[in-house]
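J.: for reference, the sequence and a predicted model appear below.
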Amino acid sequence: EKTKEGFFSKITKAVVGKSTVDEEVLDDLEEVLVTSDVGVTTTLKIIERIEERVARDKYINTSELNGILRDEIQQLLAENNSNDFENFAYGQHKPYVIMVVGVNGVGKTTTIGKLAHKLKQAGNSVVLGAADTFRAAAVDQIKLWGERVGVRVVAQAMGSDPASVAFDTVQSAVANQEDVVIIDTAGRLHNKLALMNELTKIKNVMKKVVPGAPHEILLVLDASTGQNAIEQCKQFTQATDVNALALTKLDGTAKGGVVIGISDQFKIPVKYIGVGERINDLQLFNKKEFVDSLFK
Amino acid sequence: MFDNLQDKLDRAFKVLKGQGNITEINVAETVKEIRKALLDADVNYKTAKAFTDEVKQKALGENVLNSISPGQLLTKIMNDELTKLMGGTTSDIELGKNPTVILIAGLNGAGKTTFTGKLAKYLKEKRGKNPLLVAGDVYRPAAIDQLEVLAQQVDVPVYTNRASSDPIAIAEEGVAEAKKNGQNVVIVDTAGRLAIDEGLMQEIAAVKEATQPHEILFVVDSMTGQDAVNTAKAFNDRLDFTGVVLTKLDGDTRGGAALSIKSVVNKPIKFIGTGEKMDALDVFHPDRMASRILGMGDVVSLVERA
Ligand SMILES: Nc1nc2c(ncn2[C@@H]2O[C@H](COP(=O)(O)OP(=O)(O)OP(=O)(O)O)[C@@H](O)[C@H]2O)c(=O)[nH]1
Ligand SMILES: Nc1nc2c(ncn2[C@@H]2O[C@H](COP(=O)(O)OP(=O)(O)OP(=O)(O)O)[C@@H](O)[C@H]2O)c(=O)[nH]1
Ligand SMILES: [Mg+2]
Ligand SMILES: [Mg+2]
């Protein structure tokens, strides 16, 4: 187990009295980043930037290197110029419609339950749409979350058309003057064309009720996923114009470093992180804390 | 990603082509590209390093006959090593006891409950067994309902105890129920858990202790990245599982986690999941997995073009 001290003391040893970052430091850095799922391409990009900075600034000491390192990684995360979200507020839309998408088992339904709780706590009325009509007991699962949080769930029978559930949910939110709609969808692998087309259809039907809806298309990524998350991001964005990411299961040992490359490449901000299975285990993403956690 | 790898290897192999033997210099770039390909496929950092070192050692100093190119030689070495690492042959599931108890374990959302249903169907239809499912997840909302729906789909009975919140007792009751009804396989579904959740890890160890399972299958998502080794090791340290199930291989992941897990715990991969439906289950073939991880199709076609 690599500790924060371990990594940085290694750097210290390798850098003290030297004017360049030597091979050994870069190898260590490479190992830390790759084992956090940052991926080879993004890792090389980070290393290149550090080499450039070191060449430019001539001499840097260890504590500076430490700072530069974190800085460069944070910068990659921030290249879409988005600041961290500071609260669960969402602007002027009413209802504000959130559609949640992602591959199987990443934590979509659980994230919806937790997010509904946060939004309700902030004083919003929330309604959930049970548009996963496919996976066994998916409707039961979201209904239980609805009960737990104390919000309404719009559902139809298993096997019914998910687009119709989404439509119904948005329509009933308008009728009831509710503030936020969150639509659950069935998990699907991004290489399945028919299922991805179905998702596009679900997305498109909602703007017939509320122009501009869905306002937030949230792609849920599992922190333990490796490089495949990049392809997930690409395909889901193509099908639904994803504009926010949630990174789940960060309470485990997986670091979720793949989102560094993703936010760099796709310019989509990470908005939420999941840190457990319980109702309160959702937080807003914080770049600095996230980068720090890579070196823990 | 695939195209990228192909381009890179193309370039790397060009260096080798036409050279009579493999030296440190002419193999270096190729080995680097192989390592990158492995990392891109989510093979663990250390595993990838050890593997490429091994390939390099085997390749160095090899005299290449006029009939084959260094590229071909390297490809062969790579393929042999990877297949060897993946386990060589397929490995069957233990079914000889009466009842045979099978415990299912793994991280959250890996595909345990789905696999439980699929395995029941497979054992019933392909192996002539008479299984009972046990709903041992008392935490996830609607976990019991989910297993009940799947059990109904595959037409296999399921033992539930909705009044209980004790997975150990439920598992024991399930085994007793199977004995009473003359069912010869019991498959116990459990809640997803993190390897660092001490309470839940103790709990599943207690389920093992109480039911003395003949098979403990560790279910893992084939899209898992570098963390696969930590998790597999932690579950194995705790449960000493007997086999691995790789799920969601109907996606486009290269599945390097399979190699990492194999090399860190050295337990056979027994099944793969290839879809959400109950018949989307296959036995594991090490050679196919080896080519998938390396994008071997690419490499082979490359060598053929060379
Ligand atoms: N430890 C931990 N577990 C989580 C987190 N988020 C979700 N889970 C668990 O992951 C599993 C899958 O969660 P779901 O919400 O059902 O995932 P999903 O994406 O809706 O799954 P499908 O609808 O089947 O595609 C459940 O066991 C959840 O409790 C998290 O942040 N941390
Ligand atoms: N495409 C595909 N989906 C799968 C496969 N196996 C499981 N799934 C899906 O993955 C999701 C999670 O599966 P579950 O069986 O609920 O996973 P689990 O490990 O029981 O989850 P928890 O009990 O919450 O830890 C569901 O949407 C399943 O339909 C597979 O081989 N391929
Ligand atoms: Mg769901
Ligand atoms: Mg389950």
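T.: Here it is on my side, so go on. Numbering: from 1, shown residues only, chains lettered A, B, ... in the order given. Ligands and ions are numbered 1, 2, ... in the order given.

J.: ok, the residue of the stretch 1-150 of chain A at minimum distance from chain B - contacts?
T.: Relative to chain B, the nearest point of the stretch 1-150 of chain A is residue A:105 (3.1 Å; CB to the nearest CB). (C-beta placed from N, C-alpha, C; glycine too.) Residue A:105 makes contacts with A:187, A:222, B:108, B:109, B:110, B:111, B:221, B:248, as judged by CB atoms under 8 Å, 6 or more residues apart in numbering or on different chains.

J.: among these, which are located in strands?
T.: In strands, defined here by DSSP state E, the members of these are A:222, B:221.

J.: quick check: of the contacts of residue A:105, which lies closest to residue B:46?
T.: Checking the contacts of residue A:105 against residue B:46 with CB to CB, the nearest one is residue B:221 at 20.6 Å.

J.: who's in contact with the closest one?
T.: Residues A:105, A:222, A:224, A:225, B:107, B:109, B:110, B:111, B:247, B:248, B:257 are the ones in contact with residue B:221 under the rule CB under 8 Å, 6+ apart.

J.: count of residues packed around the second one?
T.: Read it as residue A:222. A total of 32 residues lie near residue A:222 under the criterion other CB atoms under 10 Å in any protein chain shown.

J.: likewise the fifth one?
T.: For residue B:107, the number of neighbouring residues by other CB under 10 Å comes to 27.

J.: against residue A:252, how distant is it?
T.: Relative to residue A:252, residue B:107 is positioned 7 Å away (CB to CB, to the nearest Å).

J.: so where do the helices sit in the chain?
T.: Reading this off chain A. Under the criterion DSSP state H, helices of chain A are mapped to A:4-15, A:23-34, A:40-57, A:62-78, A:108-121, A:138-149, A:162-175, A:193-206, A:228-240, A:258-266, A:287-294.

J.: correction: the question concerned chain B.
T.: B:2-16, B:24-40, B:45-59, B:70-86, B:112-126, B:143-154, B:167-181, B:198-211, B:228-239, B:257-265, B:286-294, B:296-305.

J.: please save the CA atoms from stretch A:186-194 in PDB.
T.: As requested, C-alpha coordinates have been extracted for stretch A:186-194 and formatted as PDB (Å, rounded to 0.1, in the frame of the first residue of the first chain):
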ATOM      1  CA  ALA A 186     -32.200   0.700 -17.500                       C
ATOM      2  CA  GLY A 187     -28.500  -0.100 -17.500                       C
ATOM      3  CA  ARG A 188     -27.200  -0.800 -21.000                       C
ATOM      4  CA  LEU A 189     -23.900  -1.400 -22.600                       C
ATOM      5  CA  HIS A 190     -22.900   1.300 -24.900                       C
ATOM      6  CA  ASN A 191     -22.000  -1.000 -27.800                       C
ATOM      7  CA  LYS A 192     -25.700  -2.100 -28.200                       C
ATOM      8  CA  LEU A 193     -27.100   0.100 -30.900                       C
ATOM      9  CA  ALA A 194     -30.800  -0.700 -30.400                       C
END
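
J.: residue B:42: what's it in contact with?
T.: Listed by CB under 8 Å, 6+ apart, the contact set of residue B:42 reads A:37, A:226-228, B:223-226, B:228, B:253-257, B:260.

J.: low-scoring pLDDT stretches of the stretch 1-150 of chain A, where are they?
T.: Applying pLDDT under 70 to the stretch 1-150 of chain A flags the ranges A:1-22, A:58-63, A:79-81.

J.: quick check: residues of it near chain B?
T.: Where the stretch 1-150 of chain A comes near chain B, counting by CB under 8 Å from any CB of the partner chain, the residues are A:31, A:34-37, A:39-40, A:103-107, A:113, A:134-138, A:140-141, A:143-145, A:148.

J.: try 6 Å this time
T.: Proximity of the stretch 1-150 of chain A to chain B (CB under 6 Å from any CB of the partner chain) is limited to residues A:31, A:34, A:35, A:37, A:40, A:105, A:136, A:137, A:140, A:141, A:144.
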